[in-house]
Every structure is written in C-alpha cells, then in structure tokens.
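Chemist: build me a model:
(2 chains)
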Amino acid sequence: MERRIQFARTAPAAKELRRQAGAWLKELRARAGMSQIQLAERLNLKYYTFVSQVENGFGRVPTDSMEAWARALGMEPSAFARRLLSFYDPELYRLLFGVKE
Amino acid sequence: MTVIAFRQKVPPDGSWRRGEITAIVQSLTPTLGSAAASGWDLGATEAGDPQFYLLGPPPHEECILCISRLGGIYVLEDAAGQVLFEHNSLAVLAEQARSILQKKKAQIVARVALIWCALRETFEEKLEAVAGEGEELLAHVVPQLAALA
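Modeler: Sure thing, here's the model as predicted:
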C-alpha cells in the first residue's frame, strides 16, 4: 500500500532547500569524523534518529539547539546559524544580509 | 531455570515491512489530508534503520512526527527530536501517534475559531464606527439642506 498523498505545493523550493541543508550538515558531520550516533550523543539526544530526520531533509535543526549542533560539528555558532537560515528562510536571510547564498 | 526473553532482532536494512506501513497509515488515515498532516514519506538512518515521516501542511511539508524502528522497538519523535513515545508494539505506538495528531488538529480548529471571532469583532466595531459617523454627518447636513430649501 505505497500510497503517498500529494497536494499542490506552492513552495517546492522549501523542501529542496531543507534537503540541501541536510546534505550540508551530513558533510560537516563527516568532516568531523562522527557517526549519527556519536553526534546524537554529543547533543544529549536519547536516540540518533532525529539526526537522520534532519540530514534527510525532513526536519530542521531547532533554533534553541543550533548552538549545540554548531559546537558539536566544530563550527562557530553564528556562522552556523546564518548558513542554516539561508536554507530554512532564504527571504529573511536576504533581508538581513542582503545577499542570496 | 531462568529464561530470558530476547527481543526479536530485525536486520537494519532501511526498509519497512509492508504490514508495518499498512498499520501506520491505517492508524493515521483520519488525520491524513487534514490541516494537521498532508502526507507521508519514508527514509532510513545511516545505520539502515527505517523511518516513517508524517508531513505537515503545505507549503513547507515538514516532518511533524517521525516513527523509527530501532532493532525491536519503535520510537515516536516530534519535529524537535523529542521522544514522545517508544514501544515494542507498532500498533500501540501508531495509536499514540494518532492521538497526538488529533490533539494537534483540535488545537488548529480552536486557533482558527479564535481568529475568526477576533476578525468578526474587529469588523463589527469598524462597521459601527462608520455607521455612527454617517449618522453624525446626516445630523449636520440635514438642517443645512432644510434651511436652503
């Protein structure tokens, strides 16, 4: 029963950008030499499944845990948050920083 | 003699069994296509554990609930990675997911009703003010027109 309900999408770009954010996070994690399980441990998550949810482009890094993610991945928190904002809310990013990444 | 009951190990091959998907979707059917959930998708973790993503309303269609199978247990998480429920029975977990979604749906309906009431009240207030102004204007103009006539 592989039925997936499809609806008209007014912003298909949002999904694609989230997927790109996930790929970027995966790349950062790989560069840091960590598995999803190890990253989840550093983030004090009970299971590593949320890391997968975000990296697969279905979820977002919550704002209140961006700093923890940044530090776990060896990035400066403001640069990390700024880059994620360019994926999650490109219009706000453009208004704040005046450029599109 | 003590017999230890081991959990049934399921190989992490990244795929759901057909019966599992059917059970999840059937349980969530009343909420699919509603204001709370628009559809679903599948994925897997790096280690090959399967994941079921319940997607929120368009345009963003973000994951609002995620069900993962880790060895012999099923884990239900929200969009912020908070573990909401975990159980070795998928039927029990799916039931829990449905109950959470129904609560979400009720919250959305309550919010829409609240917005509608606020809008109606604002509109009525403005309408009353405009009607009041009209009456006042009429009270000034009519005597002047009468004097001219």
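Chemist: how about the helix or strand B:R69 falls within, does it reach chain A?
Modeler: Applying DSSP states H and E as the criterion places B:R69 in strand B:63-70. Yes: residues of strand B:63-70 are located near chain A by Cβ under 8 Å from any Cβ of the partner chain, namely B:63, B:66, B:68, B:70. Yep, even glycine has a C-beta here, placed from its N, CA and C like the rest.
Chemist: turn those into TSV, including neighbour count and distance to A:A68.
Modeler: What follows is the residues of strand B:63-70 next to chain A, written out as TSV (neighbours: other Cβ atoms under 10 Å in any protein chain shown; distance: Cβ to Cβ, whole Å):
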residue	neighbour count	distance to A:A68
B:C63	26	20
B:C66	25	19
B:S68	25	21
B:L70	18	22
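Chemist: alpha carbons of the helix or strand following the strand holding B:R69, as PDB, please.
Modeler: Moving toward the C-terminus from strand B:63-70, the next helix or strand (DSSP H and E) is strand B:73-78. Backbone C-alpha positions of strand B:73-78 (Å, rounded to 0.1, in the frame of the first residue of the first chain) are rendered in PDB as follows:
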ATOM      1  CA  ILE B  73      11.500  -1.100  19.300                       C
ATOM      2  CA  TYR B  74       9.600   1.600  17.600                       C
ATOM      3  CA  VAL B  75      10.300   5.300  18.500                       C
ATOM      4  CA  LEU B  76       7.900   8.200  18.000                       C
ATOM      5  CA  GLU B  77       9.500  11.700  17.900                       C
ATOM      6  CA  ASP B  78       8.200  15.100  17.200                       C
END
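Chemist: and strand B:73-78, what does it pack onto?
Modeler: helix A:49-55, strand B:63-70, strand B:83-87, helix B:90-148 (3 or more Cβ pairs under 8 Å, 6 or more residues apart in numbering or on different chains; DSSP states H and E).
Chemist: can I get the CA coordinates of the third one in PDB?
Modeler: So that's strand B:83-87. Provided in PDB are the C-alpha atoms of strand B:83-87 (Å, rounded to 0.1, in the frame of the first residue of the first chain):
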ATOM      1  CA  VAL B  83      10.900  11.400  22.100                       C
ATOM      2  CA  LEU B  84       7.200  11.200  22.600                       C
ATOM      3  CA  PHE B  85       6.700   7.500  22.900                       C
ATOM      4  CA  GLU B  86       8.500   4.200  22.500                       C
ATOM      5  CA  HIS B  87       7.100   0.700  22.400                       C
END
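Chemist: which secondary structure elements does that strand contact?
Modeler: Right, strand B:83-87 is packed against strand B:73-78, helix B:90-148 by 3+ Cβ pairs under 8 Å, 6+ apart.
Chemist: which secondary structure state is assigned to residue 40?
Modeler: This is for chain A. Under DSSP: H, G, I helix; E, B strand; the rest coil, A:A40 falls in the helix class.
Chemist: chain B is the one I meant
Modeler: strand.
Chemist: need the contact list for it.
Modeler: If a contact means Cβ atoms under 8 Å, 6 or more residues apart in numbering or on different chains, then B:W40 has A:4-5, B:24-25, B:28, B:32, B:52-55 as its contacts.
Chemist: which of these are buried?
Modeler: B:24-25, B:28, B:32, B:52-55 (16 or more other Cβ atoms under 10 Å in any protein chain shown).
Chemist: just give the nearest non-adjacent residue to the residue in chain A positioned nearest to chain B, would you?
Modeler: Chain B sits closest to A:F50 of chain A, with a gap of 3.1 Å, by Cβ to the nearest Cβ. Nearest non-adjacent residue to A:F50, counting by Cβ to Cβ, 6 or more residues apart in numbering or on different chains: B:G81, 3.1 Å away.
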